[in-house]
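> Here is my input; please provide its structure:
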Amino acid sequence: MSLTKRIGTALIGAIAVAGVTAGPALSQDLPGEGKRAHMARATWDTGWFQTAIYKRAMEELGYQVGTVTTLDNPAFYQAVGLGDVDFWVNGWFPLHDTYRDNFEPGATTIGYVAKGGALQGYLVDKKSAEKFDIKTLDDFRRDEVREAFDHDGDGMVEMVACPPGWGCEEQISKHLDKFDLRDVIEPIKASYAASMAEAVSRYRQGESILFYTWTPNWTVGILEPGTDVLWIQTPSAEPDEIVEGLEGCVADPCELGWIANDIRPVANVEFLDENPAVKSLLTEMRVPLEAIFGQNARMEQGEDDPDDLERHVDEWIADNQEQFDTWIENAKKAAM
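A predicted model of the protein is given here:
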């Protein structure tokens with residue numbers, strides 16, 4: 001027997017004595033070794049931080065993730081249901097319940113990025129709210145209010161809204177129809193970031209602004225509720241659309257007209273069945289709203305390139321290393 005064969009035989013024998021086999025041990029340590037995972041992320045960049053954290057966790061498990069695909073809501077939910085992408089962590093529910101027919105039964109919601117507390121609604125600059133006594137969307141029917149918020153002279157109140165394809169676009173449209181405001185409020189559906197940047201500029205020039213937003217989002221970091229802007233109410237809000245103790249609202253409880261949402265992963269069912277480690281990870285992982293809000297604020301202040309995002313992820317994981325490691329170890333155990 002050659003020297004090489006004798007060494008190989010000895011090593012195999014040593015492994016056998018230890019009760020370990022090379023193949024299974026490797027797969028248990030890194031359940032994603034040799035596998036690819038196709039992640040997607042939403043078009044709104046305020047959701048990219050948690051996507052990058054989950055991507056890092058997938059890579060820790062050995063999965064090859066590569067470039068994350070940016071998709072609009074309708075495109076993602078159709079793709080994940082068909083298995084063309086595996087998952088994202090940008091689901092907003094119940095807002096995105098309207099897409100369930102697109103992705104079920106091929107895909108499912110699983111776990112929570114952040115449970116509850118993801119708020120949505122309409123805000124007005126505080127100066128205008130107090131000057132015109134603006135409490136609800138109904139107040140924009142008044143001539144003096146409409147004139148103050150009409151920036152292009154067409155007789156319509158301009159409101160920063162949502163681009164086509166976003167879940168909030170559909171809800172805003174429902175509000176305008178329900179409250180008969182189509183001839184009063186003009187929703188601006190261009191790029192949200194660009195539209196909000198223009199609104200911030202108008203505010204700083206002393207002009208009146210009305211806009212939709214959600215939390216966590218950089219908007220309420222730049223325009224602070226209670227100081228710069230106020231949440232206003234929608235008429236006839238349902239019980240689950242009313243929030244108590246909301247800082248910076250014109251009333252308490254505040255009839256937002258939007259249900260507080262959970263931010264949730266949505267994943268292809270077949271992919272989950274074939275990857276119990278990922279199923280464990282998506283079930284257990286969390287990213288607090290406060291962390292997302294803080295990163296969004298840094299991003300808006302200029303830390304907005306890919307290297308900045310990776311650094312933000314590094315810092316968050318380092319600050320939460322013990323919990324992060326626990327998620328990884330539990331995912332590995334799930335694959336055994």
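> The helix or strand Leu176 falls within: what's the following helix or strand?
Secondary-structure assignment from DSSP states H and E places Leu176 in helix 167-178. Downstream of helix 167-178, the first helix or strand assigned by DSSP H and E is strand 185-188.
> shouldn't Met58 be in contact with Asn275?
No - look at Met58 against Asn275 with Cβ atoms under 8 Å: they stay out of range, at 9.7 Å. All C-beta spots, glycine's among them, are computed from the backbone N, C-alpha and C.
> what do those two both touch?
By Cβ atoms under 8 Å, 6 or more residues apart in numbering, Met58 and Asn275 have these common neighbours: Gly32, Ala37.
> what's around Ile238, how many residues?
You called it Ile, but residue 238 is Glu. By other Cβ atoms under 10 Å, the residues close to Glu238 number 11.
> any idea which helix or strand comes after the host helix or strand of Glu147?
Using DSSP H and E, Glu147 maps to helix 143-148. Next helix or strand after helix 143-148 toward the C-terminus (DSSP H and E): strand 157-160.
> so how far is that next one off the chain centroid?
Distance of strand 157-160 from the chain centroid (Cα atoms, centre = their mean, to the nearest Å) equals 24 Å.
> Tell me which other helices or strands it touches.
strand 185-188, helix 192-204, strand 210-214 (3 or more Cβ pairs under 8 Å, 6 or more residues apart in numbering; DSSP states H and E).
> Could I get the CA-only coordinates of the last one as PDB?
It refers to strand 210-214. Extracted in PDB, the C-alpha atoms of strand 210-214 (Å, rounded to 0.1, in the frame of the first residue of the first chain):
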ATOM      1  CA  LEU A 210     -49.500  67.000   3.400                       C
ATOM      2  CA  PHE A 211     -48.000  63.500   3.000                       C
ATOM      3  CA  TYR A 212     -48.500  59.800   3.700                       C
ATOM      4  CA  THR A 213     -45.800  57.900   5.500                       C
ATOM      5  CA  TRP A 214     -45.100  54.800   7.400                       C
END
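> what is the mean pLDDT for it?
On average, the pLDDT along strand 210-214 is 96.
> by how many degrees do it and helix 192-204 diverge?
130 degrees (axes from the mean of the first three to the mean of the last three Cα atoms, to 10 degrees).
> Now do the buried residues in strand 210-214.
Neighbour counts over strand 210-214 (16 or more other Cβ atoms under 10 Å) mark Leu210, Phe211, Tyr212, Thr213, Trp214 as buried.
> Using JSON lines, lay out these together with distance to His175.
Below are the buried residues of strand 210-214 laid out as JSON lines (distance: Cβ to Cβ, whole Å):
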{"residue": "Leu210", "distance to His175": "13"}
{"residue": "Phe211", "distance to His175": "14"}
{"residue": "Tyr212", "distance to His175": "10"}
{"residue": "Thr213", "distance to His175": "14"}
{"residue": "Trp214", "distance to His175": "15"}
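> Name the nearest of these relative to Glu247.
Thr213 (14.1 Å; Cβ to Cβ).
> what's the closest one in contact with, if anything?
Contact analysis of Thr213 by Cβ under 8 Å, 6+ apart lists Gln120, Gly121, Leu123, Met196, Thr219, Val220.
> Any stretches of this protein with poor pLDDT?
By pLDDT under 70, the weakly predicted segments of the chain are 1-28.
> rerun that using 50 as the cut-off
1-27 (pLDDT under 50).
> Backbone dihedrals for Gly91, please?
phi -70, psi 130 (degrees, to the nearest 10).
> Pairing partners for it in the sheet, please.
Going by DSSP bridges, Gly91 is paired in beta bridges with Arg264.
> doesn't Asn261 make contact with it?
No - in this structure, Gly91 is not within contact of Asn261 by Cβ under 8 Å, at 9.1 Å.
> can you count the residues close to Glu244?
Glu244: 8 neighbours (other Cβ under 10 Å).
> same question but for Gln205, I mixed them up
7.
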